[in-house]
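*Asks:* here is the input, now give the coordinates:
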Amino acid sequence: MHVATSDERDSQWERHRSTFRVYFFAGPGPGYSVSTFDIADATFSETKAWANNEAGDSMYSIALVSSDEDGRRGLIWLIGHDLNDVP
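*Replies:* I've put the predicted structure just below:
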């Protein structure tokens with residue numbers, strides 16, 4: 001991990017309407033059963049609270065849904081990752 005001071009004025013844009021994707025993983029791994037949900041118009045804290053409440057015995061991961069420069073949809077992992085991905 002690398003920690004450095006930053007200038008809060010160097011941002012060029014902000015988004016106030018985020019979409020998060022929550023993955024729930026059930027069963028023995030590898031090869032978990034996966035259920036995914038997109039959560040829109042919520043904060044990260046609200047999304048995490050919802051995931052905690054819904055998870056039960058399942059593990060979960062949360063990603064921020066975003067687009068790259070070419071408009072292709074992708075994920076920025078905030079908690080965990082896709083447990084079925086090969087490390």
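
*Asks:* what about the helices in this structure?
*Replies:* 44-55 (DSSP state H).

*Asks:* which residues of it score low on pLDDT?
*Replies:* 87 (pLDDT under 70).

*Asks:* nearest residue to the middle of it?
*Replies:* residue 63 (1.1 Å; CA atoms, centre = their mean).

*Asks:* next, count neighbours for the residue nearest to that residue when sequence neighbours are not counted.
*Replies:* Sequence neighbours aside, residue 75 is the residue nearest to residue 63 in space, at 3.8 Å (criterion: CB to CB, 6 or more residues apart in numbering). Every residue, glycine included, has its C-beta placed from N, CA and C. Burial of residue 75, expressed as a neighbour count using other CB atoms under 10 Å, amounts to 16.

*Asks:* please, where are all the strands along this structure?
*Replies:* Assigned by DSSP state E, the chain shows strands spanning 19-26, 33-40, 59-67, 73-79.

*Asks:* deepest-packed of these, please.
*Replies:* Compared across the strands of the chain, strand 19-26 shows the largest average neighbour count, a mean of 20 (mean count of other CB atoms under 10 Å).

*Asks:* mind listing what it pairs with, with the direction of each?
*Replies:* strand 33-40 (antiparallel), strand 59-67 (antiparallel) (DSSP bridges).

*Asks:* residue 7: which of these is closest?
*Replies:* Among these, the nearest to residue 7 by CB to CB is strand 59-67 (22.5 Å).
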